[in-house]
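A.B. asks: give me a model of this one.
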Amino acid sequence: MKFDAGLPLVPLKDVAAIAKAAQEIGFDALWTQETQHDPFLPCTLIAEHTERLHFGTAIAVSFARSPATLAYTAWDLAAQSGGRFILGLGTQVKAHIERRFGMPWPESVTGKLREQIQVIRAFWDNWQNGTKLNFRGEHYKITLMSPFFNPGSIENPNIPIYIAGVNTHLAKLAGELCNGFHAHPFHSPRYLREVILPAVEEGAQKEGRTRQDVSVSVTAFVATSPEEEAFARMQIAFYASTPSYRAVMDLHGWGNTAERLSGFAAKGDWAEMPMLITDEMLSEFCLHTTEANLAADLKARYEGLADRLTLYTPFVPGEKDAWWKRLADSFR
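C.D. replies: Next comes the predicted model:
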């Protein structure tokens, strides 16, 4: 199991120092996210200021971009880093795609994402091998590539593509088509075991692949203090209020609570929501342990479920460096 880190929400000027520190600690990869900042810009700095550290997007919002822009950006980052970049894509939800990004929401989420991935790889195949660019699908018709716009081949053209999701359709798509799957932080080990991993395996078998062909990357809530417990309870309440994530709560018989949380969220009553997350719910979605036992308990909780593990808590250099180092060492 590889042990990764999440880049904190910091200005670009701070990324280089964090990347260097993450490599020194011994993390396997550093993941950026698309919340308050662009997820790709930090990647150029991570590539420039590290030599061994892998890095990628967890996630970049795919439906806010064309497959061409994604292909070009990933190609440049792979070339710059010597093949250490991982392209992680997520669909986001309809309201954000339409009302925050101003882009259309597709009738078929998996259908459009499938084509995006296929088009991206068609670009890469064209640039690396000279294969004629001729993709014709339901969502995209991509047939034009003149020499002026062709970046040419690179030394490490096999760029891994991960996709993220909560429900089975995207997990199946990852099994069929992708190198990895980013499991949403809002999960339980039971949900991974009974829902996500069987879906990944089903998709893999459909295309003559195996579960081992898909790296499952998990971001985990952990709480080793009352402050971390309160933060986890708040974040879990927020995620559980999302209607498209309802299946996670339904599996445990907590659908009614999820509906109440959605009602609070619709009214903007955010302060009321954490109180609906019981201790039983918290224990399912968050590992509650001590700092001394964290590494062993993480391994026990996710053994056989995760190939890569990231804590929801971002890595901030200068805050508990020795603790992070012990964790990273325990996973090597």
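
A.B. asks: residue 291 reaches residue 324, doesn't it?
C.D. replies: No. Applying Cβ atoms under 8 Å as the test, residue 291 and residue 324 come out as separate, 10.9 Å apart. No exception for glycine: its C-beta is placed from N, CA and C like everyone else's.

A.B. asks: now the helices for the stretch 151-300 of the chain?
C.D. replies: Residue ranges of the helices in the stretch 151-300 of the chain, as given by DSSP state H, counting those that start in this stretch, are 168-177, 189-191, 197-206, 226-240, 246-251, 255-267, 279-285, 294-302.

A.B. asks: packing partners of the shortest one?
C.D. replies: If contacts are counted by 3 or more Cβ pairs under 8 Å, 6 or more residues apart in numbering; DSSP states H and E, helix 189-191 sits against helix 246-251.

A.B. asks: what about residue 291 and residue 324, which has more around it?
C.D. replies: Each of residue 291 and residue 324 has its neighbours counted (other Cβ atoms under 10 Å); residue 324 has more, 22 against 13.

A.B. asks: for the helix or strand where residue 97 lies, give me every contacting residue.
C.D. replies: Secondary structure assignment for residue 97, by DSSP states H and E: helix 94-99. Applying Cβ atoms under 8 Å, 6 or more residues apart in numbering, the set of residues contacting helix 94-99 from outside is 61, 63-64, 91, 103-105.

A.B. asks: helix or strand next in line after that helix, which one?
C.D. replies: helix 109-129.

A.B. asks: thinking again about what came up before, now do the helix holding residue 97: distance to the chain's middle.
C.D. replies: Distance of helix 94-99 from its chain centroid, counting by Cα atoms, centre = their mean, to the nearest Å, is 19 Å.

A.B. asks: where's residue 40 relative to residue 71, distance?
C.D. replies: Residue 40 sits 12 Å away from residue 71, going by Cβ to Cβ, to the nearest Å.

A.B. asks: tell me which of the two has more neighbours.
C.D. replies: In this view residue 40 and residue 71 are compared by other Cβ under 10 Å, and residue 71 has more residues nearby, 24 against 20.

A.B. asks: hang on, that one packs against residue 117?
C.D. replies: No. With contact defined as Cβ under 8 Å, residue 71 does not count as touching residue 117 (10.2 Å).

A.B. asks: show the average pLDDT along the helix holding residue 97.
C.D. replies: Computed over helix 94-99, the mean pLDDT rounds to 94.

A.B. asks: which of the residues in it are buried?
C.D. replies: Neighbour counts over helix 94-99 (16 or more other Cβ atoms under 10 Å) mark residue 97 as buried.

A.B. asks: alright, I will stop here.
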